[in-house]
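Chemist: quick one: sequence plus predicted model below, questions after.
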Amino acid sequence: MTVKVNWLSPLKRFLAKILTFFIHLWNRTLRVEISDNDLHLLQKYVSVAKICALWHNRLFVASELFRRYFRGNRMYGLISPSRDGAWLTEIYRNMGIEAVRGSTKRAGKMALVEMRELLSKGHAIALTPDGPRGPKYVVKPGIALLAKESGVPILLAGIDVHRGWRFRSWDRFYLPKPFSRLTVTFQVIEPELYPSLTVEQLRTLIQNTLYKINKKNR
């Protein structure tokens, strides 16, 4: 069965450019706090193939973290084939992040193959492993399967928003207030661990680590 992938019309692409501009302005007001240890960790992994992961409700600031810290190699984000995903695809493309269109329920197998190929070429893949529909803070097994098959490290991001609004969505999405403060933390799961772990054990490790480094899990 062919999966329909939604794309924006020319008019909506123009509107997405305008929206991207305002998101850029918004994000540049944010004050990001990151430790020297985390900066050293990023320097080690910024230019290598890797899987980057963060909770779905921290997605608003993902492009700003890319702009500040991940310019060393090309990054692709896994985005749903849905209409909402079409908007996110265009906005992220305007920010320099390309899209792999798929999800665990729709076009998942095709997306997994494409992501493996991209990782084999030295690129980075960004995932929200509890998305696109939840449950909140529950990691799906796809990221663990991709990691074991590709043999690349998993770079996990902790993002705590100190002042922000919360949406009434399934993930209680964070929208940081302008000029608010973010605390950013990173942790790596090395591929040397993969042979000793099943997919479920690795999935649990990813979930527990993300929960640990994101202090505001509610």
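Modeler: Great, that's in hand.
Chemist: for this structure, which helix is longest?
Modeler: The longest helix of the chain (DSSP state H) is helix 10-28.
Chemist: tell me which strands and helices it is in contact with?
Modeler: Contacts defined by 3 or more Cβ pairs under 8 Å, 6 or more residues apart in numbering; DSSP states H and E place helix 10-28 against helix 62-69, helix 83-94. For glycine as for every other residue, the C-beta is placed from the backbone atoms N, C-alpha and C.
Chemist: go again using 10 Å as the cut-off
Modeler: helix 62-69, helix 83-94, strand 174-176 (3 or more Cβ pairs under 10 Å, 6 or more residues apart in numbering; DSSP states H and E).
Chemist: buried ones in it, by neighbour count?
Modeler: By neighbour count on 16 or more other Cβ atoms under 10 Å, the buried set for helix 10-28 is 13, 16, 20, 23, 26-27.
Chemist: as a check, name the ranges of all strands in the chain.
Modeler: When assigned using DSSP state E, the strands of the chain occupy the ranges 31-33, 50-53, 75-79, 98-101, 124-127, 154-161, 164-166, 174-176, 181-189.
Chemist: put together CSV for the helices and strands packed on helix 10-28, with mean pLDDT and mean neighbour count on each row.
Modeler: Putting the helices and strands packed on helix 10-28 into CSV (pLDDT from 0 to 100; neighbours: other Cβ atoms under 10 Å) gives the following:
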stretch, mean pLDDT, mean neighbour count
helix 62-69, 89, 20
helix 83-94, 91, 19
strand 174-176, 96, 19
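Chemist: and of the ones you listed, who's closest to Phe167?
Modeler: strand 174-176 (6.9 Å; Cβ to Cβ).
Chemist: ok, now which ones touch Pro191?
Modeler: 50, 147-148, 150-154 (Cβ atoms under 10 Å, 6 or more residues apart in numbering).
Chemist: again, only this time at 8 Å
Modeler: 147, 151-153 (Cβ atoms under 8 Å, 6 or more residues apart in numbering).
Chemist: report the residue spans of the chain with pLDDT below the cut-off.
Modeler: Within the chain, the stretches with pLDDT under 70 are 1-3, 72, 103-108.
Chemist: now do the same end-to-end measure for stretch 53-69.
Modeler: 14 Å (Cα to Cα, to the nearest Å).
Chemist: residues in contact with the longest helix of the chain: which ones?
Modeler: Taking Cβ under 8 Å, 6+ apart as the rule, helix 10-28 contacts 8, 60-61, 63-64, 67, 86-87, 90-91, 94-95, 178.
Chemist: would you list those residues in a markdown table and tack on distance to Thr209?
Modeler: As requested, those are arranged in a markdown table below (distance: Cβ to Cβ, whole Å):
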| residue | distance to Thr209 |
| --- | --- |
| Leu8 | 35 |
| Phe60 | 22 |
| Val61 | 19 |
| Ser63 | 23 |
| Glu64 | 22 |
| Arg67 | 24 |
| Ala86 | 31 |
| Trp87 | 30 |
| Glu90 | 31 |
| Ile91 | 28 |
| Asn94 | 31 |
| Met95 | 26 |
| Pro178 | 30 |
